[in-house]
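Participant: A structural model of the following input is requested.
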Amino acid sequence: MNSYFYEEVLPSLKYCPKVIGALKNNKISNISRIGGEGNISLVLKENPKALKNEVFNILSSPIRLHLDNGDIVAFALDAIKDSVVAWFDLKSGVEGFTSYYFKDYSEYIFYDDPIFGNKDVWSNIIGSQIEKILILTVDTGKREYMDDSFQCVVVLECDKSDLVISDQFYKVSGYENSIFTIGNKKDLPQEVWNKATVFEL
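Facilitator: Numbers count the residues shown, from 1 in each chain. Reported below is the predicted structural model:
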């Protein structure tokens, strides 16, 4: 693995104090994902039992939290580290660089999409203030490439509800081809909690 590759890898949320500050100091105004026609067709093909209004949850693509100050914080799963990484996809009107998706060729799908979203599931998150951020480190048995490996669960506890960003839901959802999903804390498998080291930001 060359040094250039490492320069492209972003740190986990634990090492992003400015992102943490933005999340805690602003309310969530919207949620979107990378989800063009090709992404949607693929996830439906790979998960034939999925309902159309579950597509937003199981796209496996980066997740973008829109904040009420105009910033957008994005999350993706870095497969090398087996960790959720975070960055400013938009900061003070300036788009951030990312190697986790092709920004110039991407389309977005929102949580309340009338066909592929589920407004009822995530409406409590909109307008919410994040009160606590938990990082769950779960050793997956893979090689540890960096000291922030295996931080594969991010829990955002809000004043109205919670949002979990992880690759661990497929174990109970039945959608084994969706490796990066969002859900609620109550749906995270107990075995994940049993194995995890929990760190509060």
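
Participant: Just checking, which helix or strand succeeds the worst-scoring helix or strand of the chain on mean pLDDT along the chain?
Facilitator: The least trusted helix or strand in the chain, going by mean pLDDT, DSSP states H and E, turns out to be helix 3-8, with a mean of 42. Once the chain leaves helix 3-8, the next helix or strand it forms, by DSSP states H and E, is helix 17-25.

Participant: and for that next one, what are the contacting residues?
Facilitator: 13, 65, 67, 69, 71, 73, 86-88, 130-131, 133, 156, 201 (CB atoms under 8 Å, 6 or more residues apart in numbering). To be clear about C-beta, it is placed using only N, CA and C from the backbone, and glycine gets the same treatment.

Participant: Filter the residues you listed down to the buried ones, ChimeraX style.
Facilitator: Command for ChimeraX, covering only those of the contacts of helix 17-25 found buried under the criterion 16 or more other CB atoms under 10 Å:
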select :13,65,67,71,73,86,87,88,130,133,156,201
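
Participant: Can you name the two of the contacts of helix 17-25 that sit furthest apart?
Facilitator: Spatial extent of those (CB to CB) is set by the pair W87 and E131 at 22.3 Å.

Participant: and the angle for the helix or strand I135 falls within with helix 17-25?
Facilitator: Using DSSP H and E, I135 sits within strand 130-137. Here strand 130-137 runs at an angle of 140 degrees relative to helix 17-25 (axes from the mean of the first three to the mean of the last three CA atoms, to 10 degrees).

Participant: for the record, mean pLDDT for strand 130-137?
Facilitator: For strand 130-137, the mean pLDDT works out to 95.

Participant: Give me the buried stretch members for whichever strand or helix holds R33, please.
Facilitator: Assigned by DSSP H and E, R33 belongs to strand 28-34. Going by neighbour count (16+ other CB under 10 Å), the buried part of strand 28-34 is 28-34.

Participant: Thanks a lot, see you next time.
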